[in-house]
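*Asks:* Below: sequence and its predicted model.
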Amino acid sequence: MYRVKEDGVPAHVARAARERAFSLADLPDLREFAAAEARRRGMAEDALGDFLVALNEVATNAVTHGSTKARLRIWADGGELVVAVHDDGRHWRPEGVPGQTPPPENATSGMGLWVARLLSTDLQVSAEPSGTTVTMRFPL
C-alpha cells in the first residue's frame, strides 16, 4: 500500500501527475486535455470513448454539485490510468457506496457516478471536510 495525499494523488506519483483546474465552462477543454493525456500514457483509441464519458460524468458532478471550481489530476500507475477529480464541496455525505445502485428506470438525473462506476475498473469516493474526491482507474 502507498501513502495518499489529501488531494487523492499517491505521494510516489505526485511529480508524474498532470493537473488541470476547471469550471463548468471548461469541460470541453478538460475532455481534450484528458484525452491527450490518456493517449500519451498508452490508452487504446477504442477505450477512449468510455474513459471520456466516465470523466465527463464525474467532472460535471464536481462543478454542478460540489463547487464552481474543481481540479483534475491524471497519472499512470502500473498498467492503469488513474484520474482524481476533486471539488471543494463540503456538504455531501453519501449514504452507502455512491454509484453502486442503478438509478430508477425513469430517472432524468443521478446517473453520473453509476455510469462512471460501470465504465471504470475501480471508482472510489472520498467525502471529507476538505471536499470530495472521486478517483477512477482505467486499463492502459
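*Replies:* Thanks, I have it. Numbering: from 1, shown residues only.
*Asks:* okay, CA-based contacts and neighbour counts for the rest of this
*Replies:* Fine.
*Asks:* What are the boundaries of the helices in this structure?
*Replies:* With helices called from DSSP state H, the chain shows them at 27-40, 48-61, 112-119.
*Asks:* Can you give the contact residues for the second one?
*Replies:* Helix 48-61 has contacts (CA atoms under 8 Å, 6 or more residues apart in numbering) with 24, 27, 31, 34-35, 38, 70, 72, 85, 112-113, 115-117, 119-120, 134, 138.
*Asks:* Please repeat the previous calculation with a cut-off of 6 Å.
*Replies:* Gly112, Ala116, Leu119 (CA atoms under 6 Å, 6 or more residues apart in numbering).
*Asks:* Next, the contact list for the last one, please.
*Replies:* If I follow you right, that is Leu119. Contacts of Leu119 by CA under 6 Å, 6+ apart are Asp50.
*Asks:* any idea which of the helices of the chain scores lowest on pLDDT?
*Replies:* When the helices of the chain are ranked by mean pLDDT, helix 112-119 comes last with a mean of 93.
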